[in-house]
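Student: Can you look at this prediction? I've put the sequence above it.
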Amino acid sequence: MDYKLIALDIDGTLTNSKKEITPATRYAIIEAQAQGKKVIIASGRHPIGVQPIAHELMLDKNDGYIMSFNGGKIIDCVSGQTVVSKIFPREYLPDIVSVLRDSNITINTYDDKNIISDKKVNDYSYVERDILKTDMIAVDDFTSAINFDINKLLLAGEPDEIDKYEKIFSMRYDGLLDVYKSAPYFLEMMPFGVTKGSMLPMLLEKIGVSRDEMIAFGDHYNDMTMIGYAGMGVAMGNAVEDVKKIAGYVCESNDDDGIAKTLKKFVLK
């Protein structure tokens, strides 16, 4: 198969354990674009945490796209314009805040430039802040403070507690919101039907590529729909077992240039 589109998760996939893109991986991705392939960076991150990576990989020179918020916002890297934006239903915020009142979990969301958090800021919230390299604003009344459109909520906390509330919210908002982990300490809450995999068809139609011509790389639960949708879904060697089970191919880990080796094997001429 002549793969024309490469979709890449960031954390645990594109970047290694040091949160760096290795020279071999960067070279392979830039070379693929030189050979006419298009690249999508598909991440749960806010766009401001993806744009420096997109620039480093020259997506702004090669008609690439950013799929941020797990598909909630898709941006054309050349024009900087938003192609798609799916809005989180804010009417659920009071209930979500109430359910989490006795927990140690931080509720986070985003405006154009900052992370907005409730007062229960914990160490895992700082992980998100450091990834995005932006400011965090802690507010007394989270529900009242979020008086603008948002694309997702990020719950941050100890893995055991995240597991507990994943079950609670998955049942409570079944058919209303999508709830899934993007890391052991992060729980994503998204508008219903918004996943990396569900948002790809409209982008593929726009750029004239079929799903069979797409190769996608990921490592965690929020990558599963994308890996399942792609013509060739690739799980990193460090991926969780559920991701490996649905992937068509398991490559080397993110610390062993898994993307570069797979592109060399299946994509690069």
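Tutor: Alright, I've got the coordinates.
Student: Let's check: the centremost residue of the chain is which one?
Tutor: Centroid-nearest residue in the chain, with C-alpha atoms, centre = their mean: Ser43, separated by 2.1 Å.
Student: pLDDT score for it?
Tutor: Per-residue pLDDT puts Ser43 at 92.
Student: quick one: Asp223 and Ile10 touch, right?
Tutor: No - judged on C-beta atoms under 8 Å, Asp223 makes no contact with Ile10 at a distance of 10.2 Å. Every C-beta, even on glycine, is put in place using the N, C-alpha and C of the backbone.
Student: which of those two has more neighbours?
Tutor: Asp223 (35 against 21; other C-beta atoms under 10 Å).
Student: Surely the more buried one forms part of a helix?
Tutor: Yes - assessed with DSSP: H, G, I helix; E, B strand; the rest coil, Asp223 lies in a helix.
Student: I'd like to check which residues are in contact with it.
Tutor: Asp9, Thr13, Ala42, Lys196, Ala216, Phe217, Ala239, Val243 (C-beta atoms under 8 Å, 6 or more residues apart in numbering).
Student: still on that earlier bit, so who does the residue nearest to the centre of the chain touch?
Tutor: Asp9, Ile10, Asp11, Gly49, Val50, Ile66, Met67, Ser68, Asn70.
Student: Check Ile96 too.
Tutor: Ile107, Leu153, Phe169, Met189.
Student: cool, and Asp257?
Tutor: Asp257 touches Thr22, Ala24, Thr25, counting by C-beta under 8 Å, 6+ apart.
Student: Any quick PyMOL command for the buried ones out of these?
Tutor: Per 16 or more other C-beta atoms under 10 Å, the buried members of these correspond to this PyMOL selection:
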select buried, resi 22+25
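Student: can you give me the helices in the stretch 51-200 of the chain?
Tutor: 93-99, 123-132, 142-145, 159-172, 196-207 (DSSP state H, counting those that start in this stretch).
Student: Including mean pLDDT, could those go into CSV?
Tutor: Below are those laid out as CSV (pLDDT from 0 to 100):
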stretch, mean pLDDT
helix 93-99, 97
helix 123-132, 87
helix 142-145, 96
helix 159-172, 97
helix 196-207, 92
